[in-house]
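[1] Provide a 3D model corresponding to the input given below.
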Amino acid sequence: MAEFIPPGTRWFDLPTPFPMKRGGALHGARLAYETWGRLDADGGNAILILTGMSPDAHAASSDAAPAPGWWEWMIGPGKPIDTRRWFVVCINPLGSCKGSTGPASVNPDTGQPYRLDFPELSIEDAADASAALLRGLGIAQLACLVGNSMGGMGALSLLARHPGIARSHVNICGAARALPFSIAIRSLQREAIRLDPQWNGGAYDDAENYPENGMRMARKLGVITYRSALEWDGRFGRVRLDSDRREGEDPFGLEFEVESYLEAHARRFVHKYDPNCYLYLSRSMDWFDLGEAHAGDTARGLAAIEGVRHALVIGVKTDILFPIQQQEEIAAGLRNAGCDTRFLPMPSPQGHDAFLVDEERFGPAVAGFLRALPAAALPSGKVA
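    Predicted coordinates for the structure are as follows:
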C-alpha cells in the first residue's frame, strides 16, 4: 500500500481524538492541503476548494510546486479564481491516499496500514476535518466555499454542520444526496475491486499482490460515466484499431479506439490510487443525504443552511453521474434558505468532467460570480 503525495503538499494535524460520524475516532490524523495567494489581515478573503474523489490538493502550480495542477486554468493571478485578490486553500479529502489520513495511512496503534481497520468514513467526517483546518489557519469565515463533484457534497455538509462558515458558495456538478443510478455504478466499481482475488480482503501490497484487474474495471466504469455519450461519439465514433495495435490472438481483445482509450486511461490510474481508499470514499458518497437530519427531507436540509448570502450552482446537461436535476434541487433549496442563488445549466458535451476541461464556459461563470462578490467585512462570529 502506498500514499501518493505531490510536491508542495502541506499538512494540518487534526485534533486528537478526531471523532467519526459513524463511530470510532482517529488519532494523529492529518489533512493535506495547498495554498495560493495571501491571506488578508482580517482573514476575510479566503476561498476553500473541496475536490472530487480522485484529485489531490495540487489544484494549481506554485513556486513550491511548479507542475501544473488539476485546475490550473482556474486558479492563479488573473485567472477566474484570481489569487491577486483571494487566498485559496485546496484540501485533499480525509480518507484519500494523496496525503490526508486514510486506509493507506499507518495506524499509530499498530504501526501498520489501517486497511479495513479504518473507521467507517462519511462525507460529514471530511466536512468536519475541513472546518478544523480552517480554524487552524485562523479563518473564521470563508469569502467563498467552492465544491465540485464529491466536493459539492462535502461543501453542502460543511455549510449545514458549521453554520456561518462561508458568505458565498459555488457548487459545481454536486449533489445533496446520492441517487440510485450513481449508487449502482459505484457499487459495481467496488464489487470489481473486491472480487479481484489479489484484493485479498484489503491485505494486498503494491507489487505482485495488487488488485490491478479490479482497479482497471472500476476506473473504466467511472470514466464512462464521467463523460457523455455525445462526447464518446464525437471523439471516437466507430473507428477501429489498426491490426498492429490489437491484442494478438485474443478473439475478444481490444478492437475499437474507444476501448483502447479506456484501457490506457485505466492503466495510468491503477497504481496511482489506493484500492481501499477508493472503496471508502466511494461508499461515503452513497451514504450521503443532506436530509438525513431532517426526516429524510433533502429540501428541508438545504433550506436549513444558514449564513450563505450568495451562491452559484452549475450543472451540466449531459452529466449522467450527477444529473442536472440534482443541481436544480440545490439551487432551489438554497433559495429557500434565503440565499441569492443563480443556477447555471451548462450545455457542455463533456458530461460530469466538463468542469475540468470546459474552460470557455466554466471560467467566465466562476470569474463573474467572484468578481461581483462584495468585499464584506468579516463578521464577529466564529466558525462553529
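
[2] show me the shaky parts of the stretch 201-350 of the chain.
    Judged against pLDDT under 70, the low-scoring parts of the stretch 201-350 of the chain cover residues 244, 247-248.

[3] mind listing the strands for it?
    Using DSSP state E, counting those that start in this stretch, the strands of the stretch 201-350 of the chain run over 310-316, 340-346.

[4] I'd like those as TSV, with mean neighbour count and distance to residue 139 appended.
    Any C-beta I mention is one placed from the backbone N, CA and C, and that applies to glycine too. As requested, the strands of the stretch 201-350 of the chain are arranged in TSV below (neighbours: other CB atoms under 10 Å; distance: least, CB to CB, whole Å):
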stretch	mean neighbour count	distance to residue 139
strand 310-316	26	18
strand 340-346	17	23
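
[5] with distance to residue 76 added, can I get those in JSON lines?
    As requested, the strands of the stretch 201-350 of the chain are arranged in JSON lines below (distance: least, CB to CB, whole Å):
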{"stretch": "strand 310-316", "distance to residue 76": "20"}
{"stretch": "strand 340-346", "distance to residue 76": "22"}
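
[6] closest to residue 109 out of those strands?
    For these, distance to residue 109 was read as CB to CB. The smallest value, 41.8 Å, belongs to strand 310-316.

[7] pairing partners for that closest one, with directions?
    Taking DSSP bridges as the criterion, strand 310-316 forms sheet pairs with strand 168-172 (parallel), strand 340-346 (parallel).

[8] contact partners of it?
    Applying CB atoms under 8 Å, 6 or more residues apart in numbering, the set of residues contacting strand 310-316 from outside is 167-174, 322-324, 326-328, 330-331, 334, 339-346, 348, 350-352, 354-355, 362, 365-366, 369, 372-373.

[9] in CSV, list the C-alpha atoms belonging to it.
    Taking C-alpha atoms only, strand 310-316 is exported to CSV below (Å, rounded to 0.1, in the frame of the first residue of the first chain):
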residue,chain,number,x,y,z
HIS,A,310,-24.8,34.4,-2.5
ALA,A,311,-24.5,31.2,-4.4
LEU,A,312,-23.7,30.0,-7.9
VAL,A,313,-24.9,26.4,-8.7
ILE,A,314,-23.6,25.0,-12.0
GLY,A,315,-24.8,21.8,-13.6
VAL,A,316,-24.1,20.1,-17.0
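
[10] so residue 147 sits in a strand?
    Yes - using DSSP: H, G, I helix; E, B strand; the rest coil, the assignment for residue 147 is a strand.

[11] how about the contacts made by it?
    Listed by CB under 8 Å, 6+ apart, the contact partners of residue 147 are 49-50, 153-156, 169-172, 174.

[12] go with 10 Å
    Under the criterion of CB atoms under 10 Å, 6 or more residues apart in numbering, the contact list for residue 147 reads 48-52, 127, 130, 153-159, 169-174.

[13] any idea how far residue 227 is from the nearest residue to residue 355 once chain neighbours are set aside?
    Computed as CB to CB, 6 or more residues apart in numbering, the closest residue to residue 355 that is not its neighbour in sequence is residue 172, at 4.9 Å. Residue 172 sits at a distance of 16 Å from residue 227 (criterion: CB to CB, to the nearest Å).

[14] again, but for residue 86
    Using CB to CB, we find residue 86 at a distance of 30 Å from residue 227.

[15] same question, residue 329
    In this structure, residue 329 and residue 227 are 23 Å apart, going by CB to CB.

[16] one more: residue 87?
    Residue 87 sits 33 Å away from residue 227, going by CB to CB.

[17] and the pLDDT for residue 375?
    For residue 375, the pLDDT comes out at 61.

[18] whoops, residue 2 was the one
    The per-residue pLDDT reported for residue 2 equals 66.

[19] please, where are all the helices along the stretch 251-384 of the chain?
    Listed from the start of the chain, the stretch 251-384 of the chain has helices (DSSP state H, counting those that start in this stretch) covering 257-270, 275-287, 298-303, 324-336, 354-357, 359-371.

[20] follow-up on the earlier one: in the sheet, who's paired with the residue nearest to residue 355?
    When bridges are taken as DSSP bridges, the partners of residue 172 come out as residue 148, residue 314.

[21] I'd like to know how far it sits from residue 315.
    Residue 172 is 8 Å from residue 315, where distance means CB to CB.

[22] equivalent analysis for residue 214, please.
    The span separating residue 214 from residue 315 equals 31 Å under the rule CB to CB.

[23] before we move on, what about residue 54?
    When distance is defined by CB to CB, residue 54 is 20 Å away from residue 315.

[24] swap in residue 115?
    Here the distance between residue 115 and residue 315 works out to 37 Å (CB to CB).

[25] try residue 207
    Between residue 207 and residue 315 the computed distance is 42 Å (CB to CB).

[26] for the helices of the stretch 251-384 of the chain, which one sits closest to residue 80?
    helix 359-371 (3.8 Å).

[27] flag every buried residue along that closest one.
    Burial within helix 359-371, assessed by neighbour count using 16 or more other CB atoms under 10 Å, is assigned to 361-362, 365-367, 369-370.

[28] which residues touch the residue positioned nearest the centre of the chain?
    In the chain, the centroid-proximal residue (CA atoms, centre = their mean) is residue 52; its distance is 1.5 Å. Counting by CB under 10 Å, 6+ apart, residue 52 makes contact with 70, 93, 147-154, 172-174, 226, 281, 285, 322, 352-353, 355-356.

[29] and with 7 Å instead?
    148-151 (CB atoms under 7 Å, 6 or more residues apart in numbering).

[30] okay, the nearest residue to residue 213 once chain neighbours are set aside: pLDDT?
    Distances taken as CB to CB, 6+ apart place residue 196 nearest to residue 213, at 5.3 Å, with adjacent residues excluded. Turning to residue 196, the model gives it a pLDDT of 97.

[31] how many residues are close by residue 196?
    Burial of residue 196, expressed as a neighbour count using other CB atoms under 10 Å, amounts to 20.

[32] domain map for this structure?
    Per automatic domain parsing, the structural domains of the chain span 10-179+288-371, 183-280.
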